[in-house]
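Peer 1: let me see the structure of the following:
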Amino acid sequence: MNSAFLKNNRLIARPVDRFRHWLDASLSHRITTLTLALTLTTGVVIGAGALFASHKLMEEAILRELSYEAALAARQMEATVNVLYRDVSRMSSNGILVRALTQPAERDAYLSAFFSGYSGPAGLAAAVSLHDVTGRPVAGTGSAALLSYEGASWLGRVVNLGFTYTEIRSEGGERFLIIARPVTAPSPGNNAGILVLRASVDDIFQKAMSAFFDDLNKRLVTDRGETLAEVRWKTLSNPVRSTHPVPLDVGAFPGALRLEVAGERDDVLAPLKWLTAVYAVAAGILLLVVLRLSRMLGQRLSSGLARLSSAASSIASGPAPLPQLPVRGQDEVARVTTAFNAVTASVNDLQQELESRVVKRTVTLQDMNTALVKEILSHKKTGEQLHVAANAIENAAEGVMICDAEERIISVNKAFSRITGYSAEEILGATPDVLVTDDESRAARAEISRTVLDEGHWRGELWSRRKNGERYLEQCSISAVKDDEGRTVNFIILFSDVTKQKEDELRLQFLANHDPLTGLANRTLFQQRCEETLLRAERKNAKAAVIFIDLDHFKTVNDSLGHAYGDDLLKQAASRLLECVRKTDAVGRLGGDEFTVLLNEVSDSGDVALIAKKILDRLTVSFTIAGHEIFVSASLGISWYPDDGQNAATLIQNADAAMFAAKEQGRNNYQFFSAEMNAQALEILMMASSLRLAIEREELVLEYQPRIDLRFGKVMGVEALVRWNHPNLGRIMPGQFIGIAEKTGLIDPLGNWVLKNACEQMMEWRRSGLAPQRVAVNLSARQFLQPDLTERIAAVLEQTGLEAEALELEVTESMVMHDPQRAAVILERLKEMGVAIAIDDFGTGYSSLSYLKRFPIDYIKIDQSFVRGIPLDAEDVGITNAIIAMAKTLDVKLIAEGVDNADQLAFLKEEGCNEGQGYLISSPMPAEGLRRFLRTFADSGPAFLANGRHPVMAARQAV
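Peer 2: Residues are numbered from 1 along each chain as shown. Alright, predicted model coming up:
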């Protein structure tokens with residue numbers, strides 16, 4: 001126990017002894033070792049912290065740079081794809097492609113030249129191919145010319161809805177970016193085919209990466225981790241990564257692509273090693289310098305003290321002459337030596353006084369030194385702040401102008417010169433009035449100056465003038481700078497040029513309230529002005545009127561001459577309407593060929609009628625467009641305030657109803673609104689809304705009425721007739737909704753639905769072994785005039801598998817005689833397809849034999865209004881015989897409609913009519929009922945012709 005205690009005491013005693021030994025060492029040694037210890041401790045702490053912070057900042061900077069380059073690369077990919085998008089958009093609108101799809105003759109020659117001129121963006125091989133509406137290839141470049149997209153899920157959206165479709169698809173282990181865009185046909189809403197651009201995703205990626213990350217791994221992946229393309233990708237032991245999204249909308253991967261860049265952490269962060277080495281070398285040099293300085297200081301102090309010690313020893317040794325020690329420098333040792341020399345020459349009291357003065361002077365010098373250091377540091381900090389502020393002002397994006405108390409310009413920045421055109425040398429010493437545009441602006445600036453002096457600041461917009469005289473609008477902020485006594489010493493003016501922003505704002509405001517084609521007020525602005533006029537009329541107890549104008553036969557101009565002619569016609573019509581009204585009135589375009597006029601403060605209906613007649617007269621004058629003379633008319637509806645409505649929406653709605661009444665009266669007239677019109681318009685609106693839903697909800701059904709050969713009793717064909725099973729109103733016949741469908745444009749989807757379902761049913765009957773020779777489908781006037789009518793019919797036949805010879809298309813006499821020349825062209829195209837053509841409701845129009853001879857028709861259907869009176873009505877008999885004789889002259893077959901009794905049947909058979917259709921034979925029936933009818937009538941047809949009664953009744957009972 002005693003030995004252990006002694007051992008511990010020795011362990012404690014050794015450091016204490018060493019410390020005592022150090023205290024007894026020379027002053028030079030103690031200063032050197034103490035300075036070295038403090039320097040090492042402080043240096044290690046500060047150096048380690050600085051090195052750590054520098055490492056952290058540099059690592060963050062390197063990673064930010066990596067992320068920034070990844071973002072640039074991602075945007076480069078996006079830019080490359082955008083170029084491809086623009087190429088597809090530009091090429092798909094080229095008329096050559098529309099011509100190639102609609103006029104196949106000799107297209108190979110010019111298509112080859114067209115596609116050979118396209119090779120894609122620089123450094124990227126892209127293939128382009130043209131396809132028809134079914135997806136079949138027409139022409140293209142490279143292997144893309146052989147690719148087919150028949151049955152593609154996206155084909156319908158591109159062709160029918162006009163969407164641009166993109167996707168990334170895998171072909172033979174390689175991924176391609178596919179961009180499909182519709183090739184727009186001349187008519188609105190119709191597409192003649194599609195243009196497909198095909199580019200390798202790997203090529204796009206390589207092109208985007210070529211300028212970035214030479215030594216790093218790069219790859220393009222989806223959010224599911226699937227790799228689409230990569231460059232130098234390899235396994236990394238200690239990776240550092242950067243990921244950035246690639247904002248591409250590419251079908252199966254919308255917005256879910258990202259670019260990954262990775263490298264070995266040691267390689268990426270290699271600059272940090274160099275930084276560490278720099279710190280180590282700097283620390284070593286600093287340590288050597290401190291060590292050297294501390295040794296020099298210690299040696300100087302110790303040598304001076306040694307001389308003093310020697311002199312003191314000589315004084316103590318006896319009355320020897322007192323030496324005068326040499327004084328070197330001005331430090332504390334020198335001052336002690338000086339004082340020591342004075343002591344040797346003075347008495348003890350003087351020595352004490354001298355020492356006291358030395359102490360006081362030392363304290364004073366220390367205080368003065370401390371104050372001087374603080375003042376130097378303060379001036380240095382203020383100078384740095386002023387330098388930063390000056391740089392910020394000089395490089396600010398806004399113009400900066402500093403004026404003195406007399407408003408003379410004493411400083412401007414670079415942005416000031418860029419905006420105004422004045423250099424600093426030209427403007428210094430002048431006043432801001434040099435930028436004033438006119439007396440009004442000068443007065444405004446004077447008022448602003450007073451506001452700044454009173455309130456200390458002002459902010460707003462000012463019109464100013466550049467050096468070249470150009471006016472510009474500036475967003476300006478002015479502040480007054482005051483001294484400690486509250487006096488204004490400077491003005492600081494910050495401004496920016498907002499002329500372009502203001503112009504854009506006014507342009508957007510105009511477009512938001514005006515029709516871009518005609519410049520007239522749009523629906524929103526017209527209703528706003530209407531409401532304002534009604535408020536004034538209410539205050540003054542005055543009247544106002546709204547005229548709703550619809551151009552007659554405008555669609556014919558659009559369909560026959562094209563949209564460019566139609567747009568020009570609308571602009572000229574708008575100009576004429578403005579000429580017909582006062583400046584206090586308003587004219588608007590609601591859309592299409594519909595215009596509205598607001599008449600304020602009109603006294604009676606006579607005044608409105610005069611303006612309406614003036615509008616009709618001006619619009620019936622011919623329009624000259626591109627050398628063509630075009631004639632149109634208009635139908636006008638008029639509503640009164642306050643009699644026909646208390647607000648703008650009601651007045652416009654009622655004027656619209658009156659306009660429809662004008663069209664019913666034969667067009668080219670005007671009608672005043674009445675309550676009956678409103679009820680009729682509401683009924684039409686409700687019926688149109690229900691009809692739109694009926695197509696979607698499959699409330700429509702087809703029934704089929706057979707027609708037979710009047711010589712042999714054989715069923716020759718059936719006519720498809722649409723019926724509407726309304727959930728509330730029950731069965732609605734075509735006469736109640738076909739007209740509404742024509743007016744509202746629903747006849748297009750309705751007609752397409754009838755055609756497709758009739759063809760599908762024919763194929764169904766054929767698969768069951770019982771089918772008529774052909775099915776007849778009625779075409780509406782709107783369908784007949786569609787530029788792509790033949791393409792639509794061909795598409796339905798191809799989709800359903802029905803051959804053209806099994807389809808018969810019925811067009812009315814009035815449809816073909818409205819524009820016989822155009823009708824002949826359309827009928828010829830249909831005939832070339834192989835379908836049969838029938839003229840329906842014949843005898844109700846004004847056909848001439850010369851025109852009928854030009855039409856490639858197969859059948860003429862005698863209207864049931866003539867068949868109804870035979871054989872008793874002599875006039876009907878004469879008309880029917882004349883139609884039969886004309887058909888024989890034209891060598892076309894006759895079909896009699898409305899054969900409802902045996903006497904009619906016998907007469908028609910006797911006069912040589914080929915086929916008959918009517919309730920005597922069969923009423924329209926569902927598809928299943930027709931199948932049973934065909935089975936029964938196959939055996940009883942000849943007997944039916946003999947007596948026209950019992951076999952048919954039996955067939956009906958079977959149905």
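Peer 1: in the stretch 551-700 of the chain, which spans are strands?
Peer 2: Under the criterion DSSP state E, counting those that start in this stretch, the stretch 551-700 of the chain carries strands at the ranges 586-591, 594-600, 623-625, 628-630, 633-641, 670-672, 700-709.
Peer 1: same list (the ones you listed) but as CSV, adding mean pLDDT, distance to Ala946 and mean neighbour count.
Peer 2: Placement of C-beta: from N, CA and C, glycine included. Output for the strands of the stretch 551-700 of the chain, formatted as CSV (pLDDT from 0 to 100; distance: least, CB to CB, whole Å; neighbours: other CB atoms under 10 Å):
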stretch, mean pLDDT, distance to Ala946, mean neighbour count
strand 586-591, 93, 61, 21
strand 594-600, 95, 60, 24
strand 623-625, 91, 63, 15
strand 628-630, 85, 59, 13
strand 633-641, 94, 55, 25
strand 670-672, 93, 56, 23
strand 700-709, 94, 13, 20
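Peer 1: so which of the ones you listed gets nearest Leu520?
Peer 2: Closest approach to Leu520 among the strands of the stretch 551-700 of the chain (CB to CB): strand 586-591, 4.6 Å.
Peer 1: what angle separates that closest one from strand 594-600?
Peer 2: Counting by axes from the mean of the first three to the mean of the last three CA atoms, to 10 degrees, strand 586-591 lies at 160 degrees to strand 594-600.
Peer 1: contacts for strand 586-591?
Peer 2: If you take CB atoms under 8 Å, 6 or more residues apart in numbering as the criterion, strand 586-591 is touched by 515, 517-518, 520-523, 525-526, 529-530, 533, 570, 574, 577-578, 581, 595-598, 652.
Peer 1: for PyMOL, write the selection for the buried entries among those residues.
Peer 2: Buried residues among the contacts of strand 586-591 (16 or more other CB atoms under 10 Å), as a PyMOL selection:
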select buried, resi 515+518+520+521+522+523+525+526+529+530+533+570+574+577+581+595+596+597+598+652
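Peer 1: quick one: which of the contacts of strand 586-591 sit in helices?
Peer 2: The helices, defined by DSSP state H, take in Arg523, Leu525, Phe526, Arg529, Cys530, Thr533, Leu570, Ala574, Leu577, Leu578, Ile652 from the contacts of strand 586-591.
Peer 1: which one of the residues you listed is nearest Asn669?
Peer 2: Closest approach between the ones in helices among the contacts of strand 586-591 and Asn669, by CB to CB: Leu577, at 17.0 Å.
Peer 1: look up the closest residue to the closest one, ignoring the ones flanking it.
Peer 2: The shortest distance from Leu577 to any residue other than its chain neighbours is 5.0 Å, reached at Val587 (CB to CB, 6 or more residues apart in numbering).
Peer 1: residues of stretch 686-695 that come out buried?
Peer 2: Met687, Ala688, Ser690, Leu691, Arg692, Ala694, Ile695.
Peer 1: chain center to it: distance?
Peer 2: Centroid displacement of stretch 686-695 relative to its chain, using CA atoms, centre = their mean, to the nearest Å, is 32 Å.
Peer 1: return the per-residue confidence for the residue nearest to Arg576 when sequence neighbours are not counted.
Peer 2: Of all residues not flanking Arg576 in the chain, Arg618 sits nearest, at 4.5 Å (CB to CB, 6+ apart). In this model, Arg618 is scored at 94, pLDDT.
Peer 1: count the neighbours of Arg618 for me.
Peer 2: The number of residues packed around Arg618, counting by other CB atoms under 10 Å, is 15.
Peer 1: and the helix ranked longest in the chain, average pLDDT?
Peer 2: Longest helix in the chain by number of residues (criterion: DSSP H): helix 27-92. Average pLDDT, helix 27-92: 76.
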